[in-house]
Every structure is written in C-alpha cells, then in structure tokens.
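**Q** only geometry, no sequence info:
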C-alpha cells in the first residue's frame, strides 16, 4: 500500500515583535550609506569597484533573514520601505545642496564638497532602486519558493541559491546605470566592474552563510510567533 506523503508547508512569523523593526532599520541604514559610498569609484590594483562595496552585501544578508523568518510578502514590504527611505534621503541631499550657503571661501569650498559627494547620489539611488528592487525581489522569491518546496532543511542551499540569482540581476542593473556616474568608461572597465561586483558580493554572502544561518536560527528561537503562519 502506497502511503501518501503530506506536502511540506513553509512556516513563518508575524511582524509583531521588535526583531523585524530592528532588521528593517538596519537594512535601510546600510542601503543609504552604501548609496553614498557608491558615488566614489575605487581602484584596488586591477580591481574596479565603488566605495559602497563593503556595505551592500549586508543588506542582502538582512534580506535573507527577513525572507526566511517572515516570508515573501513581508520581505517585499521591507524592500519597498527601504527604498522609500532611500529616495527620501536623496531628496534631502538635493535640498541641502540647493540651499544658499555662505559666500566666503570656506563656504564655497564646503558647497563644492557637498556637490561632489552628494550630487551624484540621486543617480546612484536610481541605479540602486532598480537593481536592488529586482535583485532583492528575485532573491526573496527564490528563497521562499525553495522553502515551500523542501521545508525547513537545507537552509544553506536556499541562502546560496537565492543569493546567486538575486545578486546577478542586481549587479548587472546597478552597474549599467552607475558606471558612467562614478567615472567608469570603456567596455573593459565596465565588464571588470560587473564581474568583480557580482563575484565579490556573492562570495561574501557565501562566506557569511554560517553566520546568516546562526542569526536566522537565533531569530527563529526568539520570535514568539515563528511557525504560526503557514504558506
């Protein structure tokens, strides 16, 4: 007699506890800072990158934790909220630059410094908005679909598989828009920028899989509602 196998159902938590709010705030701060850093082109020997390279992977790690613990719908809201805050920050930079400053030499120097540092940020935010929105959505969707398919086991496979797909989409879109803004010219430098960005971000996420797994386990154990929502 063949025994029917009960389909596995993915379990998630609601957002009533403080943990989700803390991770959402961290995700927004990391993204805003990485957008500022990304306005500076960085050359590390033969490697072409930008000043936000060491921050951006953290946003994806936080996105993985939110997706795994709270599900795709909550992760999508977190992505949209994060970018709304990022756009608001960009508008604030524009207002600060547009405000009349002191006309002395020091005031003019500060104005020029602000324009150089924050002037490119709106275009960087646009690149980040399109790239991160696509990449994070794909990342979250793949992770949750894998969880619905296989259940709680094989978390490492979910993290690595979803990150690779999401980071590729994110990096390609972001670099295509941001490269001219930060002074990357020529096809060779552009390919270097895309490949290095993708390999670096994916490698960082892969190396941090044990840490991400530990954080996810820690949040699941302390999240009172985890397991009460099925998908």
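**A** Okay, I see it. Please read all numbers here as calculations on a predicted model, not as lab measurements.
**Q** which stretches of this protein form strands?
**A** Across the chain, reading from the start of the chain, the strands by DSSP state E fall at 11-12, 41-44, 47-50, 229-230.
**Q** any idea how far the third one is from the chain center?
**A** Translated: strand 47-50. Between the mean C-alpha location of strand 47-50 and the chain-wide mean there is a distance of 18 Å, by C-alpha atoms, centre = their mean, to the nearest Å.
**Q** ok, now which ones touch the residue nearest in space to the middle of the chain?
**A** Closest to where the C-alpha atoms of the chain average out (C-alpha atoms, centre = their mean) is residue 59, at 3.7 Å. Contact analysis of residue 59 by C-beta atoms under 8 Å, 6 or more residues apart in numbering lists 27, 30-31, 34, 82, 132, 136. In this view, the C-beta of every residue, glycine as well, is placed from N, C-alpha and C.
**Q** go on, residue 62?
**A** By C-beta under 8 Å, 6+ apart, the residues touching residue 62 are 23, 26-27, 30.
**Q** once you drop chain neighbours, what's closest to it?
**A** With sequence-adjacent residues excluded and distances taken as C-beta to C-beta, 6 or more residues apart in numbering, residue 62 is closest to residue 27, at 4.5 Å.
**Q** the one you found contacts residue 67, doesn't it?
**A** No: at 11.4 Å, residue 27 does not count as touching residue 67 under the criterion of C-beta atoms under 8 Å.
**Q** buried ones in the longest helix seen in the chain?
**A** The helix of greatest length in the chain, counted in residues with DSSP state H as the criterion, is given as helix 121-150. If you call a residue buried by 16 or more other C-beta atoms under 10 Å, then helix 121-150 has these buried ones: 121-144, 146-148.
**Q** could you do stretch 10-23 as well?
**A** Counting neighbours by 16+ other C-beta under 10 Å, one finds that the buried residues in stretch 10-23 are 10-13, 15, 19-20, 23.
**Q** just the ones of these in helices?
**A** Assignment to helices by DSSP H places the following of these there: 19-20, 23.
**Q** Throw the residues you listed into JSON lines and include distance to residue 49, thanks.
**A** Formatted as JSON lines, those follow (distance: C-beta to C-beta, whole Å):
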{"residue": "19", "distance to residue 49": "32"}
{"residue": "20", "distance to residue 49": "31"}
{"residue": "23", "distance to residue 49": "26"}
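**Q** which other helices and strands contact the longest helix of the chain?
**A** Applying 3 or more C-beta pairs under 8 Å, 6 or more residues apart in numbering; DSSP states H and E, we find helix 121-150 packed against helix 18-37, helix 56-70, helix 72-98, helix 155-181.
**Q** figure out which of those helices is closest to residue 216.
**A** Evaluated over the helices and strands packed on helix 121-150, closeness to residue 216 peaks at helix 56-70, with 5.2 Å, by C-beta to C-beta.
**Q** quick one: the closest one to helix 121-150, angle?
**A** Inter-element angle recorded for helix 56-70 and helix 121-150: 40 degrees (by axes from the mean of the first three to the mean of the last three C-alpha atoms, to 10 degrees).
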